[in-house]
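Trainee: after the sequence you'll find the predicted model.
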Amino acid sequence: MENRFLLFLSIMLFISCSENETVNPKNIILMIGDGMGLSQISAAYYQSNDELCFSEFEDIGFIKTHSASSIITDSAAGATAFSTGKKTYNGAINMDTDTLPLKCITYDFIDKNIKTGIITTSSVTHATPGCFYGNNKDRWTADEELALQFINSNINLLIGGGQKFFKNRSDNRNLIDSLEQKGYHFISSVNDQIPENTDKLIALCAPKHPKSISQGRGNFLSQSIELALKTLKNERGFFMVVEGAQIDWGGHDNDSDYIISELLDFDKSIKAALNFAKNNNETLIIVTADHETGGYGITGKNDKTNKLITGFLNDDHTATMVPVFSYGPGSSNFKGIFDNTEIYHKIKELIK
Ligand code: MG
Ligand code: ZN
């Protein structure tokens, strides 16, 4: 009897030890669907004939998105929560509530000699991508200043729109020249060939924002991910941030088709990241949103047109919790209900 009890004890001890053993990921890909609430994802599922990639994630949680200044966050405070672990006022790009600059997580990776990259379907100087390299008190007047700050960032890769904030500036500086002097390879389309072993890449594919999917953006986002994986993949690992920026704009426009087409494009980009992660078992993918936009809801489906019947509460963000999907080593840490700031702390824990 006693022997059996000892056997039971040692088995329990073994189980609890192996549960506590988290394998740290070598690569981390943080994917942010701006304005991507559960209705946005649900609409894409119901409107699509294929199964979406979200189904491949087994570890799922929810985050509370309120900022320090409002129950309704904006994208600047939302991304600052992810990049610094601090709740701040709406409009702040990596600034605390006293407007003092905060260090963002990208630089923790750079300090560890880990390659970093940022990809977005908006201008690279927009609030969400800006929070992964810059600091500014006011997102609405920050574009040129953020472009200037990027030059000294040592981030390996930046892809999106916003060429005019680098080239056609009010101070007449040409920041592309400055970046090339720092070893960056510059392209203006993700279809452009890049030299073998490119280590630093900047791709600015529109004067301001890249087109929407319905206007012909094509496979820009998934191609950007392929390009980034090629550039960032290395022995020490990488940290990559990917933003599907325009899901939010469909919400602001109360345009269900816009939301769904951008969501399906974001899903394709998740697929590109998942394909990479599945092949190496050392990549953590976290897919989440900064907030929901529009108070979007699905109230039915038209049997004749096969289109969803949808509605909106407003043309701005809402306070509803948003989902977190995670895959790969460390993914179980992202289960449950927690604050958006915990995304930062959980990533930091995994790179200690
Ligand atoms: Mg955004
Ligand atoms: Zn928005």
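Mentor: In hand now; what should we look at? Ligands and ions are numbered 1, 2, ... in the order given.
Trainee: in its sheet, which strands sit next to the lengthiest strand in the chain, and in what direction?
Mentor: Taking DSSP state E as the criterion, the chain has its longest strand at strand 115-123. Its sheet considered, strand 115-123 pairs with strand 157-161 (parallel), strand 238-244 (parallel) by DSSP bridges.
Trainee: what is the burial count for D171?
Mentor: 7 (other CB atoms under 10 Å). For every residue, glycine as well, the C-beta is placed using N, CA and C.
Trainee: so it sits against E144, correct?
Mentor: Yes. Assessed by CB atoms under 8 Å, D171 is found in contact with E144 at 7.5 Å.
Trainee: so which residues on the stretch 151-300 of the chain come close to ligand 1?
Mentor: Proximity of the stretch 151-300 of the chain to ligand 1 is confined to A245 under the rule CB under 5 Å from the ion.
Trainee: burial count for the closest residue to ligand 1 within the stretch 151-300 of the chain?
Mentor: Ligand 1 sits closest to A245 of the stretch 151-300 of the chain, with a gap of 4.3 Å, by CB to the ion. Neighbours of A245 under the rule other CB under 10 Å: 26.
Trainee: residue contacts, it?
Mentor: D34, T120, T121, S122, H126, T128, H209 (CB atoms under 8 Å, 6 or more residues apart in numbering).
Trainee: confidence score at the fourth one?
Mentor: pLDDT recorded at S122 is 98.
Trainee: so what's it closest to, chain neighbours aside?
Mentor: Spatial nearest neighbour of S122, excluding adjacent residues (CB to CB, 6 or more residues apart in numbering): A245 at 3.6 Å.
Trainee: quick one, phi/psi of the residue of the stretch 151-300 of the chain closest to ligand 1?
Mentor: The phi/psi pair for A245 (degrees, to the nearest 10) reads phi -80, psi -30.
Trainee: can you tell me which of the contacts of A245 has the most neighbours?
Mentor: Within the contacts of A245, neighbour counts (other CB under 10 Å) peak at T121, which reaches 32 neighbours.
Trainee: distance check, the nearest residue to that one once chain neighbours are set aside against G162.
Mentor: Excluding the flanking residues, the one nearest T121 by CB to CB, 6+ apart is A245, at 4.6 Å. According to CB to CB, to the nearest Å, A245 stands 11 Å off from G162.
Trainee: common neighbours of these two, please.
Mentor: Residues within reach of A245 and of G162 at once, by CB under 8 Å, 6+ apart, are S122, H126, H209.
Trainee: Three-state assignment for the last one, please.
Mentor: When the structure is reduced to helix, strand and coil (DSSP: H, G, I helix; E, B strand; the rest coil), H209 reads as coil.
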